[in-house]
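1. I'll drop the sequence and a predicted model, then ask my questions.
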Amino acid sequence: MHDVDPEMQEFLSYVENTTDDFAAQAKSPPIKEIHKRVTEVKESKEMEVEYMTLLQRDQENLELGTTLATKILKLYHKGISNSDIADSLQLDLEYVNSVISNYEND
């Protein structure tokens, strides 16, 4: 990291060590401002609710994706063509091809 300017080095150190103590001793005003905003976000109940909502949505999407992939692979193992799988599950053919390709390459 010798070719990185000191302010960037301090910022990268802050990213690795986002604490009140580190921010207090930081020389860079942008780091102090960033830490102030980070603290505000962490303390915000609205942001907590939004984060939890996004986390729940991501988990539901992961479950849905896993269920769809399982259905695709079951049909694939029965010898059904990719286009027929896409039609029967009402999915995009590209998605079906991607699931099958990933399965074959694992």
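-> Structure's in. What do you need?
2. got the end-to-end distance for stretch 72-85?
-> End-to-end distance for stretch 72-85: 7 Å, by C-alpha to C-alpha, to the nearest Å.
3. which parts of that stretch are buried?
-> 72, 75-76, 82, 85 (16 or more other C-beta atoms under 10 Å). Just so you know, the C-beta spots here come from the backbone N, C-alpha and C atoms, and that holds for glycine as well.
4. Which of these fall in helices?
-> Taking DSSP state H as the definition of helices, the buried residues of stretch 72-85 contribute 72, 75-76, 82, 85.
5. how about TSV for those, with pLDDT and distance to A26 added?
-> Formatted as TSV, these follow (pLDDT from 0 to 100; distance: C-beta to C-beta, whole Å):
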residue	pLDDT	distance to A26
I72	98	51
L75	98	57
Y76	98	55
N82	98	55
I85	98	55
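6. Let me have those in JSON lines, adding distance to T66 as columns.
-> Shown next, in JSON lines, are these (distance: C-beta to C-beta, whole Å):
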{"residue": "I72", "distance to T66": "11"}
{"residue": "L75", "distance to T66": "15"}
{"residue": "Y76", "distance to T66": "15"}
{"residue": "N82", "distance to T66": "19"}
{"residue": "I85", "distance to T66": "16"}
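7. and which of the buried residues of stretch 72-85 is nearest L54?
-> Of all the buried residues of stretch 72-85, I72 has the smallest distance to L54: 26.2 Å, by C-beta to C-beta.
8. who are the neighbours in contact with the closest one?
-> Contact analysis of I72 by C-beta atoms under 8 Å, 6 or more residues apart in numbering lists 85, 89, 91, 96, 99-100.
9. Just give the nearest non-adjacent residue to it, would you?
-> Closest residue in space to I72, ignoring its immediate chain neighbours: V99 at 4.8 Å, by C-beta to C-beta, 6 or more residues apart in numbering.
10. For the one you found, which phi and psi angles does the backbone take?
-> The phi/psi pair for V99 (degrees, to the nearest 10) reads phi -60, psi -50.
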